[in-house]
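Undergrad: here is my input; please provide its structure:
(3 chains)
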Amino acid sequence: MFALAEAIFPICRSITGEGVRETLRILGRHLPLKRREVPTGTRVLDWEIPKEWVIREAFIEDMNGNRILDFRECNLTVLNYSIPVDRIVHLEELREHVHTLPDQPDAIPYRTSYYAPRWGFCMPHRQLEALASGMYRVRIDSELKDGSLAYGEYVHQGETDREFLLTTHICHPSMANDNCSGLALLTLLARDLSHRRTRYTYRFLFAPGTIGALAWLAANEDRVKLIDHGLVISCVGDSGGPSYKRSRRHDAFIDRAMAHVLRNASGSRLLDFSPYGYDERQFCSPGFNLPVGLFQRSTFATFPEYHTSADNLDFIRPEYLADSYRLLMDAIDIVEKDWTPLNLFPKGEPQLGRRGLYGALGGDKSASEKAMAMLWVLNLADGENSLLAIAERSGLNFDDVAGAAELLREHGLLAASVAE
Amino acid sequence: MFALAEAIFPICRSITGEGVRETLRILGRHLPLKRREVPTGTRVLDWEIPKEWVIREAFIEDMNGNRILDFRECNLTVLNYSIPVDRIVHLEELREHVHTLPDQPDAIPYRTSYYAPRWGFCMPHRQLEALASGMYRVRIDSELKDGSLAYGEYVHQGETDREFLLTTHICHPSMANDNCSGLALLTLLARDLSHRRTRYTYRFLFAPGTIGALAWLAANEDRVKLIDHGLVISCVGDSGGPSYKRSRRHDAFIDRAMAHVLRNASGSRLLDFSPYGYDERQFCSPGFNLPVGLFQRSTFATFPEYHTSADNLDFIRPEYLADSYRLLMDAIDIVEKDWTPLNLFPKGEPQLGRRGLYGALGGDKSASEKAMAMLWVLNLADGENSLLAIAERSGLNFDDVAGAAELLREHGLLAASVAE
Amino acid sequence: MFALAEAIFPICRSITGEGVRETLRILGRHLPLKRREVPTGTRVLDWEIPKEWVIREAFIEDMNGNRILDFRECNLTVLNYSIPVDRIVHLEELREHVHTLPDQPDAIPYRTSYYAPRWGFCMPHRQLEALASGMYRVRIDSELKDGSLAYGEYVHQGETDREFLLTTHICHPSMANDNCSGLALLTLLARDLSHRRTRYTYRFLFAPGTIGALAWLAANEDRVKLIDHGLVISCVGDSGGPSYKRSRRHDAFIDRAMAHVLRNASGSRLLDFSPYGYDERQFCSPGFNLPVGLFQRSTFATFPEYHTSADNLDFIRPEYLADSYRLLMDAIDIVEKDWTPLNLFPKGEPQLGRRGLYGALGGDKSASEKAMAMLWVLNLADGENSLLAIAERSGLNFDDVAGAAELLREHGLLAASVAE
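TA: As a prediction, the model looks like this:
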């Protein structure tokens, strides 16, 4: 997973352009990703697909031809979506086009101007402060042309058409956590899931933030009713405790499943929905109101490396990527394995001992965890509680509850509720 | 406001009598207050208007004619509603008719006996203890006569007949916080509101506690269904943190509005309803169950000055009166400005940038408060949430939410929900 | 109560056999207990009544005839329901049949094997460790024969057929808290209640754990719909704070009544339902889902004396038995005395003073508790709130609320709600 993140790190992505296509090509080595292209000018809901951005070169030179800043060394140095410029300007004018972070003087900020035509550079504040007064040559060899927005999609067909949507954004240039981590994790999770027989159909979306999600929604307005569960994934490689932001519905099944998964995860946080963040903003807009939450480690805009050159490959670690992967798989397991049991011997407890399900020696001070799980399942198997609800009320792990339910079903004590 | 409280402080009020009328005359200089008179003997719900109390003189003298206590110096010294007496009594008998506060030996308590015919005096405990044994002359020149109970009413007509009731009690003699403060505040708030065009009709009631509220309710039994919001106001001039006691309904709109207003007020307290207190007892009786709460600073019976001569003009301060005024106006603003928005572009976020509503430069670490308010309003504008509900869920101030909603409406992104 | 517990302590009880009958005979001296017998082989729900256990003798001797362990000295020493054995075995083999508590080396554990045919002994761990290697004679003179399971039942007929079920288990041998305490308490509580005219019919059940409750349920499947309230009682004589485990319904009336009773009890704990414990497991199985909770002092399996020889007569005390008795009687009082009042003067407060119900002297800083109870009852007497609900919302004691309601009813201010 880390190697894949590493492979796509150097690419200069934006919401359109070759960077996205190149990234999709690399991800596509691991799974049969379909690339969709939406032409410039296409209306997508209240928005319009912008012109495609081409960036070839960008630098600042002093009048001796010394290169002060070069896009080829770090693609954050050019204002993303910058219009072309090739001029000699005085430092005073240059300053108006240079973005820095005075509080983090050694870091280059990440800045964009997708919808307002501007040119600009980003550099360390310390470097800007050190610039001698005088004239500088600024050159950005970019182009805004009629083209298209690209996004990638992969669908793993399940037994039913009900969908689990997993999506991550593909529009950020060289930032490791935000979001090479999400792209790598989701690619390999999709690959692994493609080998598995699943109840739900899984849709994986690798789309530019906001405009990409809107483009997908516009093209799939009639399909969204199939979505039962959804997760937006980003920033999943840093050392922060895992966090989950609930969907707008607050108590959708995915919200409860993620809460259960994070319950015992060290340093985890559960956040209420807010309409600021990643593409859950679009999926949870009131006209869609989909059960889509956001999974991250450190939450966006809360770590100093966020949207700066410090979000580099040193900032993410294979073990955190692996932990994020495991937590997501745990949630998928809950979604896949949940069912609503009905106790076929609901009056009194059925005799577990006779069926070999219970320690035969009475009087022990504590029932085993396994026996507790069986007792909880039998007690709550009235057709009103799914396994997740039983795990929630009992405080037991979903896995233990699911295992007990399976055992009880094998012994003829449970059936699936007809309501299912 | 303080000056008005000062002006009415010296008057000896009771639940009936000239004190109330004199107070209404002074308040009436600021707004066209209507005085209502309800004759002695009138049935008001389960009660009856009592005889009117006239108090002319009250004193205790020793046998040398030295005045020990004189009503003219402090009108708390006579038991309110005392029957007349003019006798020579031994200290032992006198003691049975004198009320003191052993725990606050320098304060004169406030005591009443409206419905049981008694005579009595109130004095500092220290003074009573110092009285020499022997005979004393006690004289109370009072009268209980057929007359009437007076209360004041002012109605500010709004665009609709739906009402906001604001009421305060007018029956206490010289106590500054309880309740010259409430009388002064409500008078000037009514005056200021009278210049404003409002959606709701505002009814201001200046009535004797309990019996005055009952008299109003008895005369307006058919009108109460018009009352959408109501507040009882008293003790609003002391330094205590502002407090709000919820209505019996617990979550009426006024309860939520006051909770929102007090949310950030320093030292504020939110109390559950209880059937003991001021006239919210009557308005919240089960047969009416009106959405009427109680606004105070220090809550009654919790401060040592309560119902004593220490509740004087030193105990209230202009700045606390002003703060109380401001908080009430904030609640009125919420009631006036609340509406239920409907997002006209509910699928995905509408493009705020194109409409000049959003900073064009992306990548900033935090959205501004203003942008957050717009995003929250758009997200929750599904016709189920009024602005107050949006403020509650978002944690934003009502003003910011209302401002954002107005801006979005001006830009054609929101309409008022048809359900409204 | 303690004396009765003492009288039944020495008896060797099990889920069947003469021990139960002997215990019922002693309890039956205090109330006309009916003994029921359910024959071996009878199907009771998913279970079957086992063969009846007869135990005559059990010991271990060394080869010199020295008795190492003798059932006559402590009836915990034989594995309860042990099959007969009479052999010479080596210590190594003996060890496999001896149960000890390594963490409590001086205590004899209590162990059973009702449904798996085994033989075995229980002894202090220290004693087992001290046994010399070599051969031992083991003899258990027991028998498993066709017979019957016995349980006791006593019904106190109330004014209605709606039932309050109180049950405790009778199957444990010599353990004082678990459950001579419950048997003694419930017997004397039944005796005392038998002299009282009650609204509810009270059913007292003294039955072997699990199989006895199942036998009763199987025989009374059609009656259980009459049960409005129920309590399982056990371990009620130790010094632990009183505890209540809610029924599966969580907020049944009995759950609220017990919560109210324990509210002010020192060291009390309120636990959520779980399907492990005593016979509430059976009564709260999903096919019955009866409003039956569990009352204990220390909760089972949490005190070191639990299910060991240390649970002896020193472990329980008359004062704790008395306290448990009082708490249960308080709950019964709530169940008996609860009713839903309707305020006949719901508009405004009725004038309590005129009716002599209110201190006539106004201005006091605090209303008395009694007056507060009257005000709360009047305010909430809208036909939606029973007295317990009024006590819950007001924070007052049920007794004070009930007293106030009775006084108000006597004065014609309240009537019972027609809905009742």
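Undergrad: quick one, strands of the stretch 151-300 of chain A?
TA: Ranges of strands within the stretch 151-300 of chain A are A:163-169, A:201-207, A:227-233, A:243-245, A:269-271, A:292-296, based on DSSP state E, counting those that start in this stretch.
Undergrad: which phi and psi does the residue of the stretch 101-250 of chain A found nearest chain C have?
TA: Nearest residue of the stretch 101-250 of chain A to chain C, counting by C-beta to the nearest C-beta: residue A:250, 22.0 Å away. The C-beta positions use only the backbone N, C-alpha and C, and glycine is treated the same way. Residue A:250 adopts backbone torsions of phi 70, psi -40, taken as degrees, to the nearest 10.
Undergrad: that one touches residue A:271, doesn't it?
TA: No. Contact status for residue A:250 versus residue A:271: not in contact, 11.1 Å apart, counting by C-beta atoms under 8 Å.
Undergrad: tell me the most buried of the strands of the stretch 151-300 of chain A?
TA: strand A:292-296 (a mean of 28; mean count of other C-beta atoms under 10 Å in any protein chain shown).
Undergrad: pull the residues that contact that strand.
TA: A:165, A:227, A:230-236, A:240, A:242-247, A:252, A:254-255, A:258, A:273, A:277-278, A:280, A:283-284, A:324, A:327-328 (C-beta atoms under 8 Å, 6 or more residues apart in numbering or on different chains).
Undergrad: tell me how far stretch A:12-19 lies from the chain's centre.
TA: When distances are taken as C-alpha atoms, centre = their mean, to the nearest Å, stretch A:12-19 is centred 18 Å away from the chain's centroid.
Undergrad: do me a favour and average the pLDDT over that stretch.
TA: Computed over stretch A:12-19, the mean pLDDT rounds to 97.
Undergrad: do it and chain B meet at all?
TA: No. Judged by C-beta under 8 Å from any C-beta of the partner chain, stretch A:12-19 stays clear of chain B, getting no closer than 9.7 Å.
Undergrad: alpha carbons only: can I get that stretch in PDB?
TA: Output of stretch A:12-19 as PDB, limited to C-alpha atoms (Å, rounded to 0.1, in the frame of the first residue of the first chain):
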ATOM      1  CA  CYS A  12       1.000  16.800 -10.400                       C
ATOM      2  CA  ARG A  13      -2.800  16.200 -10.100                       C
ATOM      3  CA  SER A  14      -5.500  18.800 -10.300                       C
ATOM      4  CA  ILE A  15      -9.300  18.500 -10.800                       C
ATOM      5  CA  THR A  16      -8.700  18.000 -14.500                       C
ATOM      6  CA  GLY A  17      -5.700  17.200 -16.700                       C
ATOM      7  CA  GLU A  18      -3.100  14.500 -17.400                       C
ATOM      8  CA  GLY A  19      -2.200  14.100 -13.700                       C
END
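Undergrad: my guess is residue A:176 contacts residue A:4. True?
TA: No. Using C-beta under 8 Å, residue A:176 is not in contact with residue A:4, being 11.6 Å away.
Undergrad: what residues does the stretch 151-300 of chain A put near chain C?
TA: Checking the stretch 151-300 of chain A against chain C by C-beta under 8 Å from any C-beta, there are no hits.
Undergrad: where does the stretch 151-300 of chain A dip in pLDDT?
TA: The stretch 151-300 of chain A contains no residues with pLDDT under 70.
Undergrad: related to what we said a few turns ago, show the contacting residues for the residue of the stretch 101-250 of chain A closest to chain C.
TA: Residue A:250 touches A:272, A:273, counting by C-beta under 8 Å, 6+ apart.
Undergrad: measure it to residue B:335 for me?
TA: Distance from residue A:250 to residue B:335, counting by C-beta to C-beta, to the nearest Å: 27 Å.
Undergrad: residue A:14 now?
TA: 48 Å.
Undergrad: same check on residue A:194?
TA: Going from residue A:194 to residue B:335 by C-beta to C-beta gives 57 Å.
Undergrad: ditto for residue A:212
TA: 43 Å.
Undergrad: give me the pLDDT value at residue A:363.
TA: For residue A:363, pLDDT reads 51.
Undergrad: skipping adjacent residues, who's closest to whatever residue of chain A ends up closest to chain C in space?
TA: Proximity of chain A to chain C (C-beta to the nearest C-beta) peaks at residue A:346, 3.1 Å away. Nearest non-adjacent residue to residue A:346, counting by C-beta to C-beta, 6 or more residues apart in numbering or on different chains: residue C:287, 3.1 Å away.
Undergrad: sweet, I'm off.
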